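Student: curious how this folds, go ahead:
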Amino acid sequence: MADFMSASAPAELLVEILSYSTTKADVLAFALTCKHMRGAWEDGGAGLRCAWNLIQDELPAAELALVAIRAGQVVADAEDASCSPPKDIQLTQLESEHRSPNGTELVALYDAHELALAIAARLTRDNNDYYFDDSMRKDLTDRQPAIHRAIYRSFIVSSSLAGIYMEPVMEALRSSDAEIQAILSAERLSHRQLDFLEQYPAYKDKTSAKDNHELFGTLGDWLLDNILSQGALREDMERSFTLGIGYGKGCQARNQQNWEPEYYEDWDLPSPCPVKLSGDEYTHADAHLVALELVRTFWVCRKMLDMGWCWDTRPDDQAETGTYSLLAPFGWFGAARMALSMHTAGQDSVPVPRIHVDAYSPGGKGDMIGDGLWKSLVNFDIYYELDDEIVYVAPLLFKLFHFFLRRHLQSDFKTDFFRHEDGGEVYAYLDSFMDNLEIFATDDGEDAACYYPLCGDFRYAEFLDGTDVLTTWDQVRDVRRRLGLHVEDDADES
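Tutor: All right, here's what the predicted structure looks like:
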């Protein structure tokens, strides 16, 4: 206000304000007020702190957005130095409690919010209409905070993983071996290239608990602390369990149902609740909140991969206009400028946001990954089998989620969750889950009960709570042992 009045305000405006002054004291008070406001704004960043407090009330998940912006900047700074991004970003140091946002970051928060709205619209628009009906679209406003939290966490996860997955690529580019150098752009990886990558734990199908902790421990601990720092969400979940409604009703019904074995002879029946947080300070409701928020983040990360194939890159001859967000979208492996424009397909069509994604700098190689390396990271056909038993494993890019579930919730994805079907009558479990938005449904009280689907069919879910796709780590561990696979408990590694 003071800067505006002293430097930008038209003289006519100042004269108009002064015209209402009836005494010399009024004129002096007006001048002193402007001077005092400027001093208060600049004193110790009081003005920025006030603006930050208001923004947190206005924008959903503003704190997560701030961390995502700062984490993206860390990756961008590494690219400016032609280095691999850090493998161990200290996310706690990026929180507002450690460092209040500056003016540039406050502006960036609004850009990130607009981007999150556009991504949410894209995510919901791309969903299968058979599962996603008009009533769900109507409820998106209520779901917006949950979707925004998951979107921002996906950016944070991507920034944190960029250094882990790009490390061998940067090493390969420095190699004097032409075949190894070609890893980045290879359409299909050779045996020597695969052997080179598998020197790094992030590129191994089977890793030790120690390796997992070194790769994902810091990020996993931060995610847990961040979720449990959401006081209002914890209170809401605790209320559901105390009153036996909503999420609490679903969990209790799951443990108490009397299933008829002869009717469901060959069906995968719901088992007792698979999640449990270590530590006496946590309740079972806390465990459900952590599972819910983590699986929501997984859902967005998986969707981001699909969107990654159709990000709209800006034509070379089109000048950059407007503002952009500097973030690390999941699957990009580096910082990117993400800007918005409104696109109208026809004269009478409703404008929809188009998301433009451009590489931040030539020093970043994440957007140049070839098919060979990409397929090794997002291969959905990793499984182990013996006789009639089979375990499907997440692609390498999602190893974080296996680690988190085992270490913090004593659970894991169901053994058939990542089953991939190319046609046929069986609808893949993962695909069924990804075509459903009920993981973001709001807990609306007594009439809402989680649906723990049989055979991975999510069509009739009122809302999902994240444990629908999980089972106990004990069960997965037993299956893996019967298959002769080496098993270590991530929870034991500290």
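Student: flag the shaky bits of the stretch 301-450 of the chain, pLDDT-wise.
Tutor: Low-confidence segments of the stretch 301-450 of the chain (pLDDT under 70): 308-323, 342-353, 362-368, 387, 420-428, 444-450.
Student: all helices for it, in order.
Tutor: Shown for the stretch 301-450 of the chain, the helices assigned by DSSP state H, counting those that start in this stretch span residues 371-377, 399-409, 429-434.
Student: list the buried residues in the first one.
Tutor: Pointing back at helix 371-377 there. Of the residues in helix 371-377, G372, L373, W374, K375, S376, L377 count as buried by neighbour count, 16 or more other Cβ atoms under 10 Å. The C-beta positions use only the backbone N, C-alpha and C, and glycine is treated the same way.
Student: which of those sits closest to M170?
Tutor: L373 (12.5 Å; Cβ to Cβ).
Student: on the pLDDT front, check the closest residue to the closest one other than its chain neighbours for me.
Tutor: Among residues not flanking L373 along the chain, I183 sits closest, at 6.2 Å (Cβ to Cβ, 6 or more residues apart in numbering). I183 is assigned 88 on the pLDDT scale.
Student: show the contacting residues for I183.
Tutor: Going by Cβ atoms under 8 Å, 6 or more residues apart in numbering, I183 touches P168, V169, A172, L189, Q193, F196, L197, G372, L373.
Student: and the first one, what element?
Tutor: Secondary-structure element containing P168, defined by DSSP states H and E: helix 140-173.
Student: mind listing what's buried along that helix?
Tutor: Of the residues in helix 140-173, those buried (16+ other Cβ under 10 Å) are 143-144, 146-172.
Student: mind checking the pLDDT average for it?
Tutor: 91.
Student: what's the burial count for L243?
Tutor: When counting by other Cβ atoms under 10 Å, one arrives at 12 neighbours for L243.
Student: hmm, I typed the wrong one, I wanted D478.
Tutor: There are 12 residues near D478, going by other Cβ under 10 Å.
Student: I would like the residues contacting the helix or strand hosting it, please.
Tutor: According to DSSP H and E, D478 maps onto helix 473-482. Residues outside helix 473-482 that contact it (Cβ under 8 Å, 6+ apart) are 271, 274, 384, 386, 389, 391, 405-406, 410-413, 415, 487, 489, 491.
Student: tell me the angle of it relative to helix 399-409?
Tutor: Here helix 473-482 runs at an angle of 120 degrees relative to helix 399-409 (axes from the mean of the first three to the mean of the last three Cα atoms, to 10 degrees).
Student: buried set for helix 473-482?
Tutor: Buried, per 16+ other Cβ under 10 Å, within helix 473-482: W473, V476, R477, V479, R480.
Student: same question, stretch 186-202
Tutor: Neighbour count says stretch 186-202 has A186, L189, Q193, F196, L197, Y200, P201, A202 buried, by 16+ other Cβ under 10 Å.
Student: and those residues, which two are furthest apart?
Tutor: Greatest spatial distance in these: A186 and P201, 21.1 Å, computed using Cβ to Cβ.
Student: kindly reformat the buried residues of helix 473-482 as a markdown table containing distance to Y282 and pLDDT.
Tutor: Output for the buried residues of helix 473-482, formatted as a markdown table (distance: Cβ to Cβ, whole Å; pLDDT from 0 to 100):
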| residue | distance to Y282 | pLDDT |
| --- | --- | --- |
| W473 | 17 | 91 |
| V476 | 22 | 86 |
| R477 | 22 | 86 |
| V479 | 27 | 82 |
| R480 | 27 | 81 |
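Student: output the residues you listed as JSON lines; include the columns distance to A441.
Tutor: Shown next, in JSON lines, are the buried residues of helix 473-482 (distance: Cβ to Cβ, whole Å):
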{"residue": "W473", "distance to A441": "27"}
{"residue": "V476", "distance to A441": "27"}
{"residue": "R477", "distance to A441": "31"}
{"residue": "V479", "distance to A441": "31"}
{"residue": "R480", "distance to A441": "33"}
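Student: could you find the closest non-adjacent residue to F196?
Tutor: Nearest one to F196, counting by Cβ to Cβ, 6+ apart, is I180 at 5.5 Å.
Student: determine which two of the buried residues of helix 371-377 are furthest apart.
Tutor: Checking these with Cβ to Cβ, the most distant pair is G372 and L377, at 10.0 Å.
Student: give me the common contacts of these two.
Tutor: Common neighbours of G372 and L377 (Cβ under 8 Å, 6+ apart) do not exist.
Student: ok, T467 to V157 distance?
Tutor: Distance check for T467 against V157: by Cβ to Cβ, to the nearest Å, it reads 20 Å.
Student: make that D416, sorry
Tutor: Applying Cβ to Cβ, the value for D416 to V157 is 25 Å.
Student: how long is stretch 203-211 end to end?
Tutor: Start and end residues of stretch 203-211 are separated by 11 Å (Cα to Cα, to the nearest Å).
Student: show me which residues of that stretch are buried.
Tutor: Of all the residues in stretch 203-211, those buried under the rule 16+ other Cβ under 10 Å are Y203, T207, A209, D211.
Student: again with stretch 67-83
Tutor: Buried residues in stretch 67-83 (16+ other Cβ under 10 Å): V67, A68, I69, R70, A71, G72, Q73, V74, V75, A76, A78, E79.
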